[in-house]
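In: Could you work out the structure for the sequence below:
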Amino acid sequence: MKDKIKLTDRRVLLSNRYIQTLKPKDKRYSKGDSEVIGLRIFVFAGGQKTFYYSYTAKNKEQGLEKLGLFGSVNLKEARNVARKIAKEVMEGRSPIEIKISRASELTVGELVNTFFDKVLRAPKYKPSTQSKWRTNAKVWIFQKSKDPIIRVMYAKRKLKICNKKLSECTKDFLKEWHLWIGNKSESQANALVEMLSVIFNWGIEQKYQKENPAQFKKDELYDKKEDNRVLTKAQKKAVLNYVLKYDERREARLNMNYYKEKRLSVVSCALIAYALLTPRRYRSEGGAIKWSQLSFPEKKLYLEDSKVGQMEYKLGPKVRKLLQAIKAEKFEPNSPFQYNDERNNYVFPSKWFGMINNQGKRNTRPWLYTVKGQWRTILENLGIKYLPMYNCRHTYLTHALSKTKNILMVGKLAGHTQVKTTQRYAKILGEDVDEALDLIDSEITEAPKVVQFKK
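Out: Here you go, the predicted structure:
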């Protein structure tokens, strides 16, 4: 399109709805905006509608800058970009300088890829964080997903962020984008905004941009919903009795006949029992653990890449008995805990490793990642209302706090670095631990009772 063009039609107060009503004609035509002088929407014969900004520089040279297609850019965003160009015009920049600066400006997708290539690596970012960020970006920024629900979302709302210039990616657009993703997953929507905020801050340091549009206030994000439900002591006992059966005839062995008769997956049941007998996270600190991370003489579990970094934890007598029974079962013929591949390194090996799942992808995890189906069936059989597997950790820690009244010790068991993180379990118990918390914060007036630990 030529820069010099006569724009004689009268300006109107543009709106997104008004633009939608504009019909194509035999020849291209345009409508000017009365709010931002120079901003125009061009309607082409083929039906395409595109925002342009027309201006005259101080040297009288005229410029006509393309701002983007209507649909991928809305009116508010077009006005914001037009105002930025107007500011550059007032500062004396020529049309050619403005064109060069906008042509060399990175898109959001280019910035994200640059950050991933240069920054998203160890030791600053753990492998799990790297994988999570790359996956989230692939699905929501670059819009590459085979999930049919998400693909329908792509088609219904054309909110593609990856091709937007950094100056076009405004906070208003990100709010709309955040709400759009929140229709599928509120937690993922929050995580993506937080991720972009980190990337944009790095972009500012590298002088790729001047502002961070992803700096959302707390009330602009979805509330982080915490499921604090726990199993009662009676329910926990019932579940353990269902999933954990030892062979009374042999020391430290599982009753394999029981699991066969009940049609239960013994590996899944063992992982559920592990989750109820320890305060560990059932995936990263449970299903993914290797035999090399366990020391039976020291009664310890060593974690190289836990949520809080490298840690080591003591193992209680009940979970040690379970782990020793699993180890003994490895040497039985046709044992579900024994494989002739890398699964043999893991305490809870996955029988699905190497198989194709229902999404057409090969399962690459040698360890048991999910027991959701088995867990749901067990709760139904016991008449217990469903709650997520992760709540086994909440159950253990809540019962531990109820029994010991020692929030500092429970925090250490959980691997928390701050007491306030452990206080969620105090909230679950309510007044049951108020006295203990008051004692922690008060001045000592008498010798407190101390739980003695044997070395």
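In: Walk me through the regions of this structure where pLDDT falls short of the threshold, as ranges.
Out: Within the chain, the ranges that satisfy pLDDT under 70 run 1-9, 305-309, 419-422, 424-455.
In: how far does the longest helix seen in it sit from the chain's center?
Out: Longest helix in the chain by number of residues (criterion: DSSP state H): helix 186-205. Offset of helix 186-205 from its chain centre (C-alpha atoms, centre = their mean, to the nearest Å): 11 Å.
In: If you count neighbours, what's buried in that helix?
Out: Neighbour counts using 16 or more other C-beta atoms under 10 Å place 186, 188-193, 195-200, 202-203 of helix 186-205 among the buried residues. The way it works is simple: take the backbone N, C-alpha and C, and place the C-beta from them, glycine included.
In: list the helices and strands the next helix-or-strand element following that helix packs on?
Out: Heading C-terminal from helix 186-205, the first helix or strand you meet, by DSSP states H and E, is helix 233-243. If you count contacts as 3 or more C-beta pairs under 8 Å, 6 or more residues apart in numbering; DSSP states H and E, helix 233-243 packs onto helix 266-277, helix 372-382, helix 391-404.
In: run the last query once more with 6 Å
Out: helix 266-277 (3 or more C-beta pairs under 6 Å, 6 or more residues apart in numbering; DSSP states H and E).
In: orientation of the helix it packs on relative to helix 233-243 in degrees?
Out: Relative orientation of helix 266-277 and helix 233-243, computed by axes from the mean of the first three to the mean of the last three C-alpha atoms, to 10 degrees: 160 degrees.
In: Could you point out the helix or strand that follows helix 266-277?
Out: Counting by DSSP H and E, what follows helix 266-277 is strand 294-295.
In: residues in contact with that next one?
Out: Contact with strand 294-295 is made by L301, as judged by C-beta atoms under 6 Å, 6 or more residues apart in numbering.
In: Off-centre distance for it?
Out: Going by C-alpha atoms, centre = their mean, where strand 294-295 is centred and where its chain is centred differ by 31 Å.
In: Next secondary structure element downstream of it?
Out: Following strand 294-295 in sequence, per DSSP H and E, is strand 300-306.
In: and that following strand, which strands flank it?
Out: strand 294-295 (antiparallel), strand 309-314 (antiparallel) (DSSP bridges).
In: Ok, which of the ones you listed comes nearest W180?
Out: Among the strands paired with strand 300-306, the nearest to W180 by C-beta to C-beta is strand 309-314 (34.5 Å).
In: moving C-terminal of that closest one, what's the next helix or strand?
Out: Taking DSSP H and E, what comes next after strand 309-314 is helix 317-329.
In: relative to helix 266-277, how tilted is that next one?
Out: Using the same axes, to 10 degrees: helix 317-329 against helix 266-277 is 160 degrees.
In: what about dumping the CA coordinates of helix 317-329 to CSV?
Out: C-alpha atoms of helix 317-329 as CSV (Å, rounded to 0.1, in the frame of the first residue of the first chain):
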residue,chain,number,x,y,z
PRO,A,317,9.3,-47.8,60.6
LYS,A,318,6.0,-48.4,58.7
VAL,A,319,7.2,-47.1,55.4
ARG,A,320,10.5,-48.9,55.8
LYS,A,321,8.6,-52.1,56.2
LEU,A,322,6.7,-51.4,53.0
LEU,A,323,9.8,-50.5,51.0
GLN,A,324,11.7,-53.6,52.3
ALA,A,325,8.7,-55.8,51.2
ILE,A,326,8.7,-54.2,47.8
LYS,A,327,12.4,-54.9,47.5
ALA,A,328,11.9,-58.6,48.5
GLU,A,329,9.2,-59.0,45.9
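In: hang on, S54 packs against G38?
Out: Yes. Applying C-beta atoms under 6 Å, one finds S54 in contact with G38, separated by 4.9 Å.
In: looking at the strands paired with strand 300-306, which is closest to E105?
Out: strand 309-314 (38.0 Å).
In: So what does Y52 have for phi and psi?
Out: phi -130, psi 160 (degrees, to the nearest 10).
In: Can you name the residues bridging to it?
Out: Beta-bridge partners, per DSSP bridges, of Y52: R40, K66.
In: Next up, the contacts around it.
Out: 40, 42, 64, 66.
In: which of the residues you listed are buried?
Out: For the contacts of Y52, buried by 16+ other C-beta under 10 Å: 40, 42, 64.
In: and which of the residues you listed is nearest to E261?
Out: Checking the buried ones among the contacts of Y52 one by one against E261 (C-beta to C-beta), the nearest turns out to be F42, at 73.9 Å.
In: Pick the one among the buried residues of helix 186-205 closest to E91.
Out: Using C-beta to C-beta, the buried residues of helix 186-205 come closest to E91 at G203, 21.9 Å.
In: which residues does the closest one contact?
Out: Counting by C-beta under 6 Å, 6+ apart, G203 has contacts 111, 209.
In: Kindly report the same for P279.
Out: By C-beta under 6 Å, 6+ apart, the neighbours of P279 are 393, 396-397, 413-414.
In: where's E105 relative to N163, distance?
Out: Remark: distance between E105 and N163 (C-beta to C-beta, to the nearest Å) = 12 Å.
In: err, V230, not the other one
Out: 47 Å.
In: Ok, L231 next?
Out: L231 is 49 Å from N163, by C-beta to C-beta.
In: Show me which of the two is the more surrounded one.
Out: Per other C-beta atoms under 10 Å, whichever of L231 and N163 has more neighbours is L231, with 23 against 14.
In: Find the residue closest to that one in space, skipping its chain neighbours.
Out: T395 (4.6 Å; C-beta to C-beta, 6 or more residues apart in numbering).
In: list the contacts for that neighbour?
Out: 230-231, 236.
In: Present the residues you listed as CSV; the columns should include distance to R79.
Out: Below are the contacts of T395 laid out as CSV (distance: C-beta to C-beta, whole Å):
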residue, distance to R79
V230, 52
L231, 55
K236, 59
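In: on contacts alone, who are the packing partners of the helix or strand in which L69 is found?
Out: Using DSSP H and E, L69 maps to strand 62-69. Identification of packing neighbours for strand 62-69 by 3+ C-beta pairs under 6 Å, 6+ apart yields strand 49-56, helix 75-90.
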